[in-house]
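Asks: okay, predicted coordinates and the sequence, questions at the end:
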Amino acid sequence: MKKGRIIVLAIAFMAAVGAAMIARNMVSDTETVTIEKTVGAKDVLVTARDFRLGDAVTEDSLRWQEWPEEGVTPDLITRDQNPDAIENLMGSIARAPFVAGEPIKGQKLIKAGEGGVLAAILPAGMRAISTPISEESAAGGFILPNDRVDVILSRRMQVANEDQQVSETILRNVRVLAIGQTLETTGEEKVVSGATATLELTPQQSEILSVAQSMGQLSLALRSLADTPKPGETVDIREQKSGAVKMLKYGVPSQIYGVN
């Protein structure tokens, strides 16, 4: 091989090695920069902690959180539409429970001066009326808010010229709003004590209960959860009459009475 050709090959080899080294240094000196950006998101007002019914909104109980734009519904509160929402909602009362991170909806909060919590949670057309209870007349104290009960009236009356004790179910499947001043219970609570039970009734049922309180002793019979209306179902609140009730006097069955 000619000497000139060898020199040319050597120069080419050295140039290739040099280029490779320069390229490696350039790659090692370059820093990788990653930019994270959420595309199509809005700031939505959410809860920063769990809320129970009746809890008040404080400065640290709400926060803004990015929410996918396609998941933002008109009833959610966004920063671009209401940037002062946290300040405006300060002192509001929760009319329903919230879990941490749940989007805030205006209809689930009561602003100061708009009425009490109990009035806010009542469905339209319904009334809240209280009746005295004791441990013996309220399933041993195991009736809790949001349970459903039957209301039983026990009284003495003249039957066939004889003074007898009779009972009759005057209201069926009504919701307990509160026991005493307790509107809601936690999962750990099994018994709530109180001297009164507040029931959710129609105006007609309220009149029936008011009259019954002056006639005798009222007891609440706890209904099974299986009788609780499922979402979308309704209860026939017009059902007022009970079936017949057989009375036992000194262990001996007496006559059978029903509701007039």
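Replies: Happy to help now that I have it.

Asks: give me the distance between S92 and E70.
Replies: Per C-beta to C-beta, to the nearest Å, S92 is found 28 Å from E70. C-beta here means a position set from N, CA and C on the backbone, and glycine is covered the same way.

Asks: likewise for A15?
Replies: 56 Å.

Asks: higher neighbour count, S92 and E70?
Replies: Using other C-beta atoms under 10 Å, the more surrounded residue of S92 and E70 is S92, with 20 against 8.

Asks: does that one touch G106 like I think?
Replies: No. Contact criterion C-beta atoms under 8 Å: S92 and G106 do not qualify, at 9.1 Å.

Asks: show me the contacts for M215.
Replies: Counting by C-beta atoms under 8 Å, 6 or more residues apart in numbering, M215 touches 153, 155.

Asks: break the chain into its domains for me.
Replies: 41-120, 122-257 (automatic domain parsing).

Asks: next, the distance between the ends of the first one.
Replies: Using C-alpha to C-alpha, to the nearest Å, the gap from the first to the last residue of domain 41-120 comes to 33 Å.

Asks: weakest of the domains of the chain by average pLDDT?
Replies: Mean pLDDT values for the domains of the chain show the minimum at domain 122-257, a mean of 74.

Asks: thinking again about what came up before, now the domains of the chain in TSV, with distance to A10?
Replies: Listed next are the domains of the chain as TSV, based on distance: least, C-beta to C-beta, whole Å:
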stretch	distance to A10
domain 41-120	60
domain 122-257	83
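
Asks: and the nearest residue in space to D163 that is not next to it in sequence, how many neighbours does it have?
Replies: Once flanking residues are discounted, D163 sits nearest to R156: 5.8 Å by C-beta to C-beta, 6 or more residues apart in numbering. R156 is flanked by 11 other residues according to other C-beta under 10 Å.

Asks: try A160
Replies: Using other C-beta under 10 Å: A160 sits among 7 other residues.

Asks: circling back to that earlier point, between the domains of the chain, which gets nearest to A20?
Replies: domain 41-120 (44.8 Å; C-beta to C-beta).

Asks: all helices of the stretch 101-250 of the chain, in order?
Replies: Under the criterion DSSP state H, counting those that start in this stretch, helices of the stretch 101-250 of the chain are mapped to 117-121, 203-213.

Asks: output those helices as TSV; include the columns distance to P74.
Replies: Shown next, in TSV, are the helices of the stretch 101-250 of the chain (distance: least, C-beta to C-beta, whole Å):
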stretch	distance to P74
helix 117-121	22
helix 203-213	34
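
Asks: out of those, the one nearest R148 is which?
Replies: Closest among these, using C-beta to C-beta: helix 203-213, at 13.4 Å.

Asks: run through who's touching the closest one.
Replies: 125, 127, 129, 131-132, 151, 153, 170-171, 174, 199, 201, 218, 237-238, 240.

Asks: 10 Å instead, please
Replies: Helix 203-213 has contacts (C-beta atoms under 10 Å, 6 or more residues apart in numbering) with 125-132, 151-153, 155, 168, 170-172, 174, 199-202, 218, 237-238, 240.

Asks: buried members of these into PyMOL, please.
Replies: This is how PyMOL selects the buried members of those, with burial counted by 16 or more other C-beta atoms under 10 Å:
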select buried, resi 126+128+129+130+131+151+152+153+168+170+171+172+174+199+200+201+202+218+237
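
Asks: how about the nearest residue to M126, chain neighbours excluded?
Replies: That would be E200: by C-beta to C-beta, 6+ apart, it lies 5.3 Å from M126.

Asks: residues contacting that neighbour?
Replies: 118, 121-123, 126-129, 146, 148, 174-178, 206, 237.

Asks: all set now, cheers.
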